[in-house]
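K.L.:
only the shape, not the letters, is given here:
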């Protein structure tokens, strides 16, 4: 089954779809091994991973497409990607969709912020006119080759123009053909209930630790009416804290001996990244070459012997 088709199935399932956020290819593999059905990887973590910089539209479209291709190769799970503002006008949006689709993503979202955008829980956001966003959505929908590729529309209008405008925009984006809707950064459970009640389409919740939105469990969000919930930055924060702790201990003690319980062993890590499977595959290639080569050499030897007898 295509990953895009699987992602659509998960959105239609009665249980809410939980989307952990990957930090990089390694953590994408860990998410899969932890037993999740799908995952996401936003510009916040991608920018931190690739540039050690804030999420302020510093990555180019091609850099993100390459990042997603690496994640696709590292994990078999369907991936929801961050299409940012589409990186320009309708032509740029169409190129973004095609590039991300080639990278193997199962879903992607476009947002209605003014470029350069800001993280959805930062201050000072601005949004483009709703009609401009509809043009971008039309371009995205037209550009996809796989009809199952999920296109999600995100609006950041709540922080700029209020909840009414955000809901109206989401309703308009749904009418334009968006498969999934995302009203970013509601500030109360009451706002979240309105979003899920008044928008005629599946909605995504965004769980940011210490962010603007109430931090609810997946079960609580399902009761409100959400179809999916993303935890986009948890892994990035966990990785940052863990590495900082190990480095501080190494700097202070001159050894990591006191942090062994926080580290995987050599063998555990090799197992995680699939070293044994790689070695077995290499051995299979070697055996194949030897069998084929040996057979060819035997045939060549027989032909030479027959030629000598004829002489």
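P.N.:
That came through fine. The model shown is predicted, which means the values in this text are computed figures rather than measured ones.
K.L.:
where does residue 181 sit: helix, strand or coil?
P.N.:
strand (DSSP: H, G, I helix; E, B strand; the rest coil).
K.L.:
whoops, I mixed them up, residue 151
P.N.:
Classification of residue 151 using three-state DSSP returns strand.
K.L.:
right, and it touches residue 174 too?
P.N.:
No. Taking Cβ atoms under 8 Å as the definition, residue 151 is not a contact partner of residue 174, at 11.1 Å. To be clear about C-beta, it is placed using only N, CA and C from the backbone, and glycine gets the same treatment.
K.L.:
intersection of neighbour lists for those two?
P.N.:
Residues touching both residue 151 and residue 174 (Cβ atoms under 8 Å, 6 or more residues apart in numbering): none.
K.L.:
return the backbone torsion pair for residue 147.
P.N.:
Dihedral pair for residue 147: phi -70, psi -20, per degrees, to the nearest 10.
K.L.:
any regions of the stretch 151-300 of the chain where pLDDT drops low?
P.N.:
294-300 (pLDDT under 70).
K.L.:
ranges for the strands of it?
P.N.:
Per DSSP state E, counting those that start in this stretch, the stretch 151-300 of the chain carries strands over the ranges 180-183, 204-206, 228-231.
K.L.:
would you mind pulling the contact partners of the shortest one?
P.N.:
Strand 204-206 is contacted by residues 120, 152, 180-182, 184-185, 192, 213, 216, 221, 224, 226-230, 232 when judged by Cβ under 8 Å, 6+ apart.
K.L.:
wait, residue 10 sits on residue 36?
P.N.:
No. In this structure, residue 10 is not within contact of residue 36 by Cβ under 8 Å, at 10.3 Å.
K.L.:
between the two, which one's more packed in?
P.N.:
residue 10 (21 against 15; other Cβ atoms under 10 Å).
K.L.:
contacting residues around that one?
P.N.:
17, 37, 38, 78, 228.
K.L.:
could you find the closest non-adjacent residue to the last one?
P.N.:
Right, the one you point to is residue 228. For residue 228, ignoring the flanking residues on the chain, the nearest one in space by Cβ to Cβ, 6 or more residues apart in numbering is residue 17 at 4.0 Å.
K.L.:
so that neighbour makes contact with residue 39?
P.N.:
No. Using Cβ under 8 Å as the test, residue 17 is too far from residue 39 to be in contact (10.1 Å).
K.L.:
about what we covered before: distance of the residue nearest to residue 228 relative to residue 103?
P.N.:
Distance of residue 17 to residue 103, computed by Cβ to Cβ, to the nearest Å: 21 Å.
K.L.:
neighbour count: those two, which is higher?
P.N.:
For residue 17 and residue 103, the more surrounded residue by other Cβ under 10 Å is residue 17, and the numbers stand at 25 against 20.
K.L.:
show me what contacts the more buried one?
P.N.:
Contacts of residue 17 by Cβ under 8 Å, 6+ apart are 10, 11, 37, 38, 227, 228, 229.
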